[in-house]
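> Got a sequence here, can you build the structure:
(one chain, ligands or ions: 1)
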Amino acid sequence: MTHQLPGSIAIDGPAASGKTTVGLAIAAEFGYSFLDTGLMYRGVTLAALRAGVPADNDAVKPLLRRMRMTVRVDAAGTRIFLGGEDVTGELRRSDVEKNVSKYSALASVRASMVRRQRTIAKREATVLAGRDIGTVVLPKAPLKLYLDASEEARAKRRGTQATQDENDAKKDIASRDKVDAARAVSPMRPADDAIAVDTTNMTLEQVISFALEKVRCARN
Ligand code: DC
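This is a model prediction of the structure:
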């Protein structure tokens, strides 16, 4: 393991922009844990759907209090548990996918998740991937990357991962981007001091080696 940056790393960007792939590569190379904050918002969404709780601040608050969510991170990634049950495999279901932007726009949900994310980042050197890490969660992170790519390129990557048909992926990505960027609380946007990368015409290997280089530079 090489030396770690004094502090955690922020990776933001829209859906399917490569945040997880890049974050895991950094975590493996430099010995960080990887926190996929999108999975936390998906976990809340799954808990709400299971309990029939609508996407409304007043209705969600009691759920946030009683839901026993555990977040486990290491260099291999993030796992989410609800009441001791590992639900990580359920979090990319289409009903969660379709509803997650509504629940993650709620101020009560964000306050609760941001608090937990900061606790994890304080406890251990972590790469955090999300939408508001560089702007809200860790505004003092020593390295902030903002990954972007055209809608077509992102839908194609999702389609190739065979998690979804390319056309469905495109519709889904477009509608989530719109809600995530337009919401009142912590909208998705690059921090002023983020390194923004348009990866549309880059291979994943190129994006990874670019990111690893930025981490090496930040450590020197
Ligand atoms: O990264 P993802 O596609 O799994 O994220 C799922 C949703 O969670 C995304 O549409 C918006 C929300 N999200 C958020 O609002 N803030 C974050 N830091 C991460 C995700």
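> which residues of the protein fall in helices?
19-30, 37-51, 57-66, 94-104, 107-123, 151-160, 166-182, 204-219 (DSSP state H).
> Can you add mean neighbour count, distance to the ligand and mean pLDDT and give the ones you listed back as TSV?
For every residue, glycine as well, the C-beta is placed using N, CA and C. Written out in TSV, the entries for these read as follows (neighbours: other CB atoms under 10 Å; distance: least, CB to the nearest ligand atom, whole Å; pLDDT from 0 to 100):
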stretch	mean neighbour count	distance to the ligand	mean pLDDT
helix 19-30	21	7	97
helix 37-51	22	2	98
helix 57-66	14	14	97
helix 94-104	19	4	95
helix 107-123	17	7	97
helix 151-160	18	10	85
helix 166-182	16	4	87
helix 204-219	15	16	94
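> Figure out which of these is closest to Gly84.
Gly84 lies closest, by CB to CB, to one member of those: helix 37-51, at 13.0 Å.
> so the closest one versus helix 166-182, what angle?
Helix 37-51 runs at 100 degrees relative to helix 166-182, counting by axes from the mean of the first three to the mean of the last three CA atoms, to 10 degrees.
> Run through the neighbouring helices and strands of helix 37-51.
Contact here means 3 or more CB pairs under 8 Å, 6 or more residues apart in numbering; DSSP states H and E; on that basis helix 37-51 packs against helix 57-66, strand 69-74, strand 77-82, helix 94-104, helix 107-123, strand 126-130.
> Go again with 10 Å.
helix 19-30, helix 57-66, strand 69-74, strand 77-82, helix 94-104, helix 107-123, strand 126-130 (3 or more CB pairs under 10 Å, 6 or more residues apart in numbering; DSSP states H and E).
> What pairs with the shortest one, parallel or antiparallel?
On the basis of DSSP bridges, the sheet neighbours of strand 126-130 come out as strand 9-12 (parallel), strand 33-36 (parallel).
> Is that strand in proximity to the ligand?
Yes. Using CB under 6 Å from any ligand atom, strand 126-130 reaches the ligand at Gly130.
> and the residue most central in space within the chain, what are its bridge partners?
When CA atoms, centre = their mean is applied to the chain, the residue found nearest the centroid is Gly130 (3.0 Å). In this structure, Gly130 bridges to Asp12 when assessed by DSSP bridges.
> In this structure it contacts Arg42, no?
No. Assessed by CB atoms under 10 Å, Gly130 is found out of contact with Arg42, at 11.7 Å.
> hey, what's in contact with both of those two?
Taking CB atoms under 10 Å, 6 or more residues apart in numbering as the contact rule, Gly130 and Arg42 both touch Asp36, Ser104.
> State the distance from Val197 to Ser8.
19 Å (CB to CB, to the nearest Å).
> swap that for Val127, sorry
For Val127 relative to Ser8 (CB to CB), the value is 7 Å.
> same question, Val87
Distance, Val87 to Ser8, using CB to CB: 25 Å.
> The two: who's more crowded?
Ser8 (27 against 20; other CB atoms under 10 Å).
> May I have the residues that are in contact with the more buried one?
Counting by CB under 10 Å, 6+ apart, Ser8 touches 32-33, 35, 117-118, 120-128, 133, 137-138, 140-143.
> Need the per-residue pLDDT for it.
As predicted, Ser8 sits at a pLDDT of 94.
> before we move on, back to that, any chance you could list residues touching both of Val127 and Ser8?
Listed as contacting both Val127 and Ser8 by CB under 10 Å, 6+ apart are Tyr32, Ser33, Leu35, Ala121, Ile133, Ala141, Leu143.
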